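Participant: I need the structure of the sequence given here:
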Amino acid sequence: MMLIRRVPTCQNIGIPGKKCGTIILTAEELNCCRDAVLMQFCANKLDKKDFFGKSDPFLVFYRSNEDGSFTICHKTEVVKNTLNPIWQAFKISVRALCNGDYDRTVKVEVYDWDRDGSHDFIGEFTTSYRELSRGQSQFNIYEVINPKKKGKKKKYTNSGTVTLLSFVVETEVSFLDYIKGGTQINFTVAIDFTASNGNPTQPTSLHYMNPYQLNAYGMALKAVGEIVQDYDSDKMFPALGFGAKLPPDGRISHEFALNGNPQNPYCDGIEGVMEAYYRSLKSVQLYGPTNFAPVINHVARYASSVKDGSQYFVLLIVTDGVISDMAQTKESIVNASKLPMSIIIVGVGPAEFDAMVELDGDDVRVSSRGKYAERDIVQFVPFRDYIDRSGNHILSMARLAKDVLAEIPEQFLSYMRTRGIKPSPAPPPYTPPTHVLHTQI
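Facilitator: Sure, this is the predicted structure:
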């Protein structure tokens, strides 16, 4: 299936009578192939294109489409000042390269890089996945041909050669492959009980105990928890609070069980977490400071004892974002990045969440004492972005859950890949025993 649609680029931008060009959108039904290939190429005796040097060559790979056109699917890095470059190995999915059609044409163009973007064309060649899959051999040494040069010069042979050095096929596994193979997701909740949230008896409080509807904390817990609990086999969740004074002596705790049982802080499903949360609001005194490190370290202790891929830990922190132990939290995140765990932070209320964005680490990887987090394990979302003005809480909560959990599968896979852990085979489907009638004689 191929869909082609031409869209004028000047549409709705207020330039009457002026043609600004055309955007062409193409779509093709994807093959279900999940293989990826790791390839490496080198070249020999490429044409010299730079006046004061040699060439700065790079390769551009194109997948052919069903209508005969070509789409760029990969560019290599530039190797400076050489006619005999060796490019770094790169991985590309078979779907991106040829959409699972092993005989589909793959075109490769060779360019000399120029700073101003006007890269010089050296030449091109074509191949296919089937040809490349032969690996390093005489069949995978390609003559680089420049059609213009070939048409002008009778003695022209080629503009160099490109050689395939290696070709390794890898089957890409998904998050669900591990779940099907028995990996358990362990979900822990940690709730901010600090005084900056406001008095729970007042409507202005983020913890307001409204008898008619959920407060901001309740909505965030329910939306995210109902998604995560489907991946947790026993649906028993440790639920913690931090930043409150506990009865009977008013001791400040940054890691207390919502159900009042520190030896067994587990709650039955997300509904059990919600019940324990509302009970705690009636018994503890909101105080402070807002320390994340203790609850992160709490989950990290469990995650550090199970590193074989059989379990993965997800900590959900719901907070108003006024953090007090930023340095300690960063150190805890850096240490936890080596473990099978992820951290979701949902920020509630009107505060500026600059510190939470910093912990997220999407732009700059979190670091502590000169050490950087091994991988990104934190996902932050501000709850206020999901308050649906139309009052459709079901729609906005579904959007929140989707965005909150968007990074978990890739964070999970990054841990498994770096540790070389493969998913276990899925157990065979259950078949009920055949009932055999035994006749007594």
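Participant: CA atoms for contacts and neighbours, from now on please.
Facilitator: OK.
Participant: Can you tell me which helices and strands the lengthiest helix in the chain packs against?
Facilitator: Identified as the longest helix of the chain according to DSSP state H is helix 269-283. With contacts defined as 3 or more CA pairs under 8 Å, 6 or more residues apart in numbering; DSSP states H and E, the packing partners of helix 269-283 are helix 216-228, strand 236-242.
Participant: Now the longest one: buried residues?
Facilitator: It refers to helix 216-228. 216, 217, 218, 219, 220, 221, 222, 223, 224, 225, 228 (16 or more other CA atoms under 10 Å).
Participant: what about the helices in this structure?
Facilitator: Under DSSP H, the chain gives helices at 94-98, 129-132, 147-152, 175-180, 216-228, 269-283, 293-303, 326-336, 354-360, 393-404, 408-418.
Participant: And those helices: which comes nearest residue 368?
Facilitator: Distance to residue 368, taken as CA to CA, is lowest for helix 326-336 among the helices of the chain, at 5.1 Å.
Participant: I'd like the average pLDDT over that closest one.
Facilitator: Helix 326-336 carries an average pLDDT of 97.
Participant: Remind me what it packs against, helices and strands.
Facilitator: In terms of contacts (3+ CA pairs under 8 Å, 6+ apart), helix 326-336 is packed against helix 293-303, strand 367-368.
Participant: try 6 Å this time
Facilitator: Counting contacts by 3 or more CA pairs under 6 Å, 6 or more residues apart in numbering; DSSP states H and E, helix 326-336 packs against helix 293-303.
Participant: one step back: could the helices and strands packed on helix 269-283 be laid out in TSV, adding mean pLDDT and distance to residue 311?
Facilitator: Listed next are the helices and strands packed on helix 269-283 as TSV, based on pLDDT from 0 to 100; distance: least, CA to CA, whole Å:
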stretch	mean pLDDT	distance to residue 311
helix 216-228	85	14
strand 236-242	95	14
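Participant: Could you check how far stretch 146-159 is from the centre of its chain?
Facilitator: 47 Å (CA atoms, centre = their mean, to the nearest Å).
Participant: roughly how far apart are the closest residue in space to residue 139 that isn't next to it in sequence and residue 186?
Facilitator: Closest residue to residue 139 apart from its sequence neighbours, by CA to CA, 6 or more residues apart in numbering: residue 131 at 7.5 Å. Shown here: residue 131 relative to residue 186, a distance of 46 Å by CA to CA, to the nearest Å.
Participant: likewise residue 177?
Facilitator: 17 Å.
Participant: Look at these two and report which has more neighbours.
Facilitator: More neighbours surround residue 186 than the other of residue 177 and residue 186, with 24 against 16 (other CA atoms under 10 Å).
Participant: what's the closest non-adjacent residue to that one?
Facilitator: Nearest non-adjacent residue to residue 186 (CA to CA, 6+ apart): residue 313, at 4.7 Å.
Participant: quick one: the one you found and residue 343 touch, right?
Facilitator: No. Look at residue 313 against residue 343 with CA atoms under 6 Å: they stay out of range, at 8.6 Å.
Participant: Same drill for those two, tell me which one is more crowded.
Facilitator: Taking other CA under 10 Å, residue 313 and residue 343 do not tie; residue 343 has more neighbours (25 against 21).
Participant: quick one: that one and residue 381 touch, right?
Facilitator: No. With contact defined as CA under 6 Å, residue 343 does not count as touching residue 381 (11.5 Å).
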